[in-house]
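Q: Structure, please.
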Amino acid sequence: MMNKLFNVDDEVYPPSEDTYLLLEAALREVEDDDEVLEVGAGSGFIVEKIKNKVKCIIGTDISPYAVKMAKARGIDVVRTDIARGIKKQFSLIIFNPPYLPTSEIEQLDDWLEKALNGGESGRDVIYHFLDSISDNLQSDGRILLLVSSLSGIDEVLKYAEKQGFKWTKLSEKRLFFEKLEVYRLVRSR
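A: Residues are numbered from 1 along each chain as shown. Predicted structure coming up:
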């Protein structure tokens, strides 16, 4: 097996249009007493921008390269899948998921691709998140979830409803090839 020489920056998704849209929504949403979890924190860009505006914040990422980059920025980050193994509940959870529809043939075996690959429909990671995050969300907690038209916004919202969440659209941005939207999810009462 050939050993690849990596530049960590080449293995971590850089802040892009979706990151900035989610950050804008997060800056409007956060409260000073929030305990925040950012799932898929990547480089730690969003955590870094809101950490002084909340009570506490940690990030998670499955990529060892993202964790290394975030830690180098002084971000408290845990390497895990979604929030597996984290027993704490949070008042706010932020997630910019991998959402690009990716067929098995298109899949590459690298960490940057894992940050983009949403599976065949673009919704696999989003559904995994919605299936597994409830234990980490306080009963009155909120989720900020970025969704792309490439992965089917209506399908994601219907699935969130099936998982017991109601939603509110907070913002959107149209790009030439997709529409990005940020939603606040809260538990249905």
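
Q: just how off-centre is the longest strand belonging to the chain within its chain?
A: Scanning the chain for the strand with the most residues, using DSSP state E, yields strand 137-148. Averaging C-alpha positions (CA atoms, centre = their mean, to the nearest Å) puts strand 137-148 10 Å from its chain's average.

Q: Please list all residues in contact with Ile75.
A: For Ile75, the set of contacting residues under the criterion of CB atoms under 8 Å, 6 or more residues apart in numbering consists of 41, 44, 47-48, 51, 59. In this view, the C-beta of every residue, glycine as well, is placed from N, C-alpha and C.

Q: SS state for it?
A: At Ile75 the chain is in coil, as set by DSSP: H, G, I helix; E, B strand; the rest coil.

Q: what's the spacing between Leu22 and Gly74?
A: Computed as CB to CB, to the nearest Å, the Leu22 to Gly74 distance reads 21 Å.

Q: So the two - more neighbours on which side?
A: Leu22 (24 against 11; other CB atoms under 10 Å).

Q: what's the model's confidence in stretch 166-186, averaged?
A: Regarding stretch 166-186, the rounded mean pLDDT is 94.

Q: what does it rub up against?
A: Around stretch 166-186, the neighbours that count as contacts under CB under 8 Å, 6+ apart are 17-18, 21-22, 24-25, 28-29, 140-150, 153, 157, 160-161, 165, 187-188.

Q: cool, stretch 129-142 as well?
A: 29, 37, 39, 82-84, 86, 88-93, 95, 97, 143, 145, 159-160, 163-165, 184-187.

Q: Could you tell me the end-to-end distance of it?
A: From its first residue to its last, stretch 129-142 covers 14 Å (CA to CA, to the nearest Å).

Q: about what we covered before: the contacts of Ile75: which two are farthest apart?
A: Checking those against each other with CB to CB, the farthest-apart pair comes out as Ala41 and Lys51, at 11.2 Å.

Q: residue boundaries of the helices in this structure?
A: 17-29, 45-50, 64-72, 111-114, 124-132, 153-162 (DSSP state H).
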